[in-house]
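Asks: Based on what follows, work out the 3D shape:
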Amino acid sequence: MKKIAVALIALLPLAGAAQAQTAKDLLATLRVKWNTPTEPFKMIGNVYYVGTDGLASYLITSPRGHILIDTVMPESTSLIKANIEKLGFKITDIKYLLNTHAHIDHTGGLAEMKQASGGQLVAGEADKPLLEGGYYPGAQDDDALKFPPAKVDRTVREGDKVTIGDVTLIARETPGHSPGCTSWEFSVKEGDATRSVLIFCSGTVALNRLVGNPTYSGIVADYRKTFARAKDMKVDVLLAPHPEMYKMAEKRAKLSDGGPNPFVSPGEFNAYAATLEKAFEDALAKQTAAAQEKKG
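Replies: Alright, predicted model coming up:
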């Protein structure tokens, strides 16, 4: 039980406050938040939040069909379906399911949603074996992190596009958190303005081993490539797989007709990426020191 709880702590960015709890209580708490329903809502333009209170899932709509980015835990897929329908959209109009990275809390419902919608699953090339195997990288035997496997219909690399109607999403390779970690960049209309949106995959270290027996070969170089890329990216609207990564609840509370959209926050992504880079370097230093101490 302790191993499972530690795994979930690592996957949830804000779990630090809960560390005083027992392992059993902590696991229960995290699952409760991840599986708690929340009302779906329009974020900006044609972008809708259809996830749970603790895990994000996004519906991007068009007259030609829709795109769903990420799902939640396997047991909560019904909540995504209900949220989509509550907004007046049809599951069968989803033409593409896009994934940011192959971890249970963002892939748990992909297989079910793929079957229900008939949509094509698109993901980063290096995450294809993980999605089709249903396991966390480097942890094939950890049952707590396994999820229903889903067949990947198309893989993408940097700059590849997914287009439906007048909606085009561009794949941005941001590896490290997972080997094929893919962020999705696109534009939305807000009145007379055009805003750049980035659904950022992640840059946290989470369960990843960086030294000794790394989670996968080249992981340190991948993280650094992602942080270097982030410095040059211009983003008006930051979204991410965990709502707390971009203060979703706080911004949602400020949404009002006619007022400035609180999700428009130029520079937020670059500042956030800088904090992730520091956390990565700190983690790398600690893991390196621990490995050297073990050898000594």
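Asks: For Pro63, give its distance to Ala150.
Replies: To Ala150, Pro63 is 27 Å away according to CB to CB, to the nearest Å. C-beta here means a position set from N, CA and C on the backbone, and glycine is covered the same way.
Asks: Comparing the two, which shows the higher neighbour count?
Replies: Ala150 (24 against 11; other CB atoms under 10 Å).
Asks: how much space between the more buried one and Asn99?
Replies: 9 Å.
Asks: Read off the pLDDT value for the residue lying closest to Leu255 once chain neighbours are set aside.
Replies: In this structure, Leu255 finds its nearest non-sequential neighbour in Pro262, 6.4 Å apart by CB to CB, 6 or more residues apart in numbering. Model confidence at Pro262, given as pLDDT, is 96.
Asks: Is Pro262 in contact with Lys251, as I believe?
Replies: Yes - counting by CB atoms under 8 Å, Pro262 touches Lys251, with 4.0 Å between them.
Asks: Give me the secondary structure label for the residue nearest to Leu255.
Replies: coil (DSSP: H, G, I helix; E, B strand; the rest coil).
Asks: buried stuff in the biggest helix by length in the chain?
Replies: The longest helix of the chain (DSSP state H) is helix 268-295. In terms of neighbour count (16 or more other CB atoms under 10 Å), helix 268-295 has its buried residues at 268-269, 272-273, 276-277, 280, 283-284, 287.
Asks: Just put the residues you listed in JSON lines and tack on distance to Met73 and pLDDT.
Replies: Formatted as JSON lines, the buried residues of helix 268-295 follow (distance: CB to CB, whole Å; pLDDT from 0 to 100):
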{"residue": "Glu268", "distance to Met73": "27", "pLDDT": "98"}
{"residue": "Phe269", "distance to Met73": "26", "pLDDT": "98"}
{"residue": "Tyr272", "distance to Met73": "24", "pLDDT": "98"}
{"residue": "Ala273", "distance to Met73": "26", "pLDDT": "98"}
{"residue": "Leu276", "distance to Met73": "24", "pLDDT": "98"}
{"residue": "Glu277", "distance to Met73": "29", "pLDDT": "98"}
{"residue": "Phe280", "distance to Met73": "26", "pLDDT": "98"}
{"residue": "Ala283", "distance to Met73": "25", "pLDDT": "97"}
{"residue": "Leu284", "distance to Met73": "29", "pLDDT": "97"}
{"residue": "Gln287", "distance to Met73": "28", "pLDDT": "96"}
